[in-house]
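Novice: Got a sequence here, can you build the structure:
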Amino acid sequence: MTSTDPSLDGSPYRQYLYAYPHKTSYRPLRPRPRMADVWRAEARDALFLYLHVPFCEMRCGFCNLFTRANAPEEQVTAYLRQLRRQAERVTDALGDDTGYVRAAFGGGTPTYLTADELTELFDIATGTVGARLPGVPLSVETSPATATPDRLA
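Specialist: Numbering: from 1, shown residues only. Below is the predicted model of the structure:
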């Protein structure tokens, strides 16, 4: 049986609807506010920590997030260094009365990172940001192709 209806081609992504704003919709903030000023009047004792890992072993057709497939090792290393730097600045701006009640590592596919790089990511979350891991609910996006025992550990 032959069909001319493209929605019957078996692709699960034919009718995919993406709810987030596209990356081209963001603009610079002018004047640029100080992060400490933005957070000054906000409750900071029950935050949700999200760390974005923009690397994957392949690019999915439905994804328009900031990701890169098969990034070279030096790019991953540089990204983790900058993530730690940003985490330090955010932690300084939020102050001492900050608490996280849940956390998520997404992306991309965080398990694209090596076991040592994942250890670095967890150190950023716990040592730099101060999240209690374990201690709060945590989710980590993964792929069967990269969910190796050393990475899961």
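Novice: For the chain, which segments count as strands?
Specialist: 47-53, 55-56, 68-69, 100-107, 138-140 (DSSP state E).
Novice: tally of neighbours for Leu49?
Specialist: 20 (other Cβ atoms under 10 Å). For the C-beta atoms, the positions are set from N, CA and C on the backbone; glycine is no exception.
Novice: Identify the residues contacting it.
Specialist: Residues in contact with Leu49, defined by Cβ atoms under 8 Å, 6 or more residues apart in numbering, are Tyr100, Arg102, Ala103, Ala104, Ala125, Val129, Ala131.
Novice: Redo these as CSV? Include distance to Ala93 and pLDDT.
Specialist: Shown next, in CSV, are these (distance: Cβ to Cβ, whole Å; pLDDT from 0 to 100):
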residue, distance to Ala93, pLDDT
Tyr100, 15, 97
Arg102, 21, 97
Ala103, 19, 97
Ala104, 21, 97
Ala125, 17, 98
Val129, 12, 97
Ala131, 16, 96
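Novice: of these, buried ones?
Specialist: For those, a burial check counting by 16 or more other Cβ atoms under 10 Å picks out Tyr100, Ala103, Ala125, Val129, Ala131.
Novice: Which strand residues bridge the spatially most central residue of the chain?
Specialist: Ranked by distance to the mean C-alpha position of the chain (Cα atoms, centre = their mean), the top residue is His52 at 1.6 Å. With DSSP bridges applied, His52 shows beta-bridge pairing to Gly106.
Novice: Go ahead and confirm it touches Ala104.
Specialist: No. Using Cβ atoms under 8 Å, His52 is not in contact with Ala104, being 9.5 Å away.
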